[in-house]
Structure formats: structure tokens, C-alpha cells
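In: Build me a model from this:
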Amino acid sequence: MPSAIAKEENAEPVDARVRRRLRELRTERGLTLQQVAERANIDLSTLSRLESGKRRLALDHVPALCAALGVSADELLASAPPQDPRIHGEPWKCDGMTMWPLMHRGHSSALRAYKIHIGARKRRPPEKLPVHEGHDWIYVLAGRLRLLLGDQSFVIEPGEAVEFTTWTPHWFGAIDGPVELIMIVGPQGERLHLHP
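Out: Predicted coordinates for the structure are as follows:
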């Protein structure tokens, strides 16, 4: 059985824990360094150095940072509780599709994963196909998907995956019934395809 000393040696140092918690709490809330610095009335470079470990946390920083992040000192200084790995996001509907998020909203990745149900009536592309920065990735679970890329038309069957640059004019919809798919998009594709 490990001794108390061994446990203490393996414990995360307080300054490393606070750096990690500052970043976690800030990104969970979707805040930039600038926003937290302004809310805490702390110089931006000071906050940046605190997060990067180039400066140690002073006790007088704690109340201001807690207020800026909306947490107690215990929440800032204590070890983070293990996060529930299950995703509880509510589905929403838009443009003949229902979307279920497959990632936590505060996840640090710029990519987002969704399960999408495309209704059988979403069959007609717009007159002008959208274009945006990034890439889209699609994996068809059920149904047959029509994918337009520029002047080309593709039928994507269940079990097939596609990846394409979204600088090419594109659209996707149903062919002869509903479609279930997994989609991974960047922020630009998320705004364009998945929100009204």
C-alpha cells in the first residue's frame, strides 16, 4: 500500500494544478485570455504568464480570478473532479436535419462531431452551393446520401466515408429516404450547415 509520502510525491503541484484549472475553466466558459484579464482587472501579459507557468500565482490574484471565472477559490485551487464522459447535449433541428452533438461544448478541439438525421424531404439543393473555409468529413450510417461537389454528384452508401475541401461548392441531402450519418466539421462548416 503506498505511503502518504509517496502519494504526496505523485500529487500534482499546486502551481501546475492552478495553471491547468485556469485554462480549463477559461476554455469551458469560452473566454479568451483578454476577457478574463479584463474581468479580473489583471494585466493580459500577467495572466498569460500565469497560465504558461512563467509566473507564480500570488494570493491577491485568487479572488479576482475566481470572480472573473465565476468559481469559488476551492474550485480554482482544488483538483478538478473527474468529468462525466457522457455527452448530454440536446438535439436541434434545422433545414430538414436533426443534429446530436457528439462532443462536449467546451472541448478544446476546433473540430466538432455530430450525428445527423437528414429527413427524406431534403432532396433539393439550393441554386447556389455554399463555400467556406475548411474540410468536412462524413460517414453514412444508414440511407443513401447525395453529395454535390462543384459540378459532380456522388451517391454515398452506408458504410462509406467522404472527406472534401469546403472551398469547393458543396451540398448534401437525401436520395430516396432518410439518411443517418456522422459528420465532423470545423467552426465555419458548423455555422453554415448546422445552425439556422
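In: List of residues touching the helix or strand hosting Phe164?
Out: Phe164 is part of strand 161-165 when elements are defined by DSSP states H and E. Under the contact criterion CB atoms under 8 Å, 6 or more residues apart in numbering, strand 161-165 has outside partners 134-140, 147, 149, 154, 156, 170. From N, CA and C alone the C-beta is placed, and that goes for glycine too.
In: Also stretch 26-46?
Out: 47-48, 51, 55, 61, 64-65, 67-70, 106, 108.
In: Using neighbour counts, trim those to the buried set.
Out: Neighbour counting with 16 or more other CB atoms under 10 Å marks 47, 51, 55, 61, 64-65, 68-69 as buried within the contacts of stretch 26-46.
In: This structure: helices as residue ranges?
Out: 4-10, 14-28, 33-40, 44-52, 61-69, 73-77, 187-194 (DSSP state H).
In: For the nearest residue to Pro169 once chain neighbours are set aside, give me its contacts.
Out: Nearest residue to Pro169, sequence neighbours excluded (CB to CB, 6 or more residues apart in numbering): Leu129, at 3.5 Å. Shown in contact with Leu129 (CB under 8 Å, 6+ apart): 148, 150, 169-171.
In: Most neighbours among these, which one is it?
Out: His170 (22 neighbours; other CB atoms under 10 Å).
In: I'd say that one and Arg146 touch.
Out: No: the pair His170 / Arg146 is not scored as a contact, 11.2 Å apart, by CB atoms under 8 Å.
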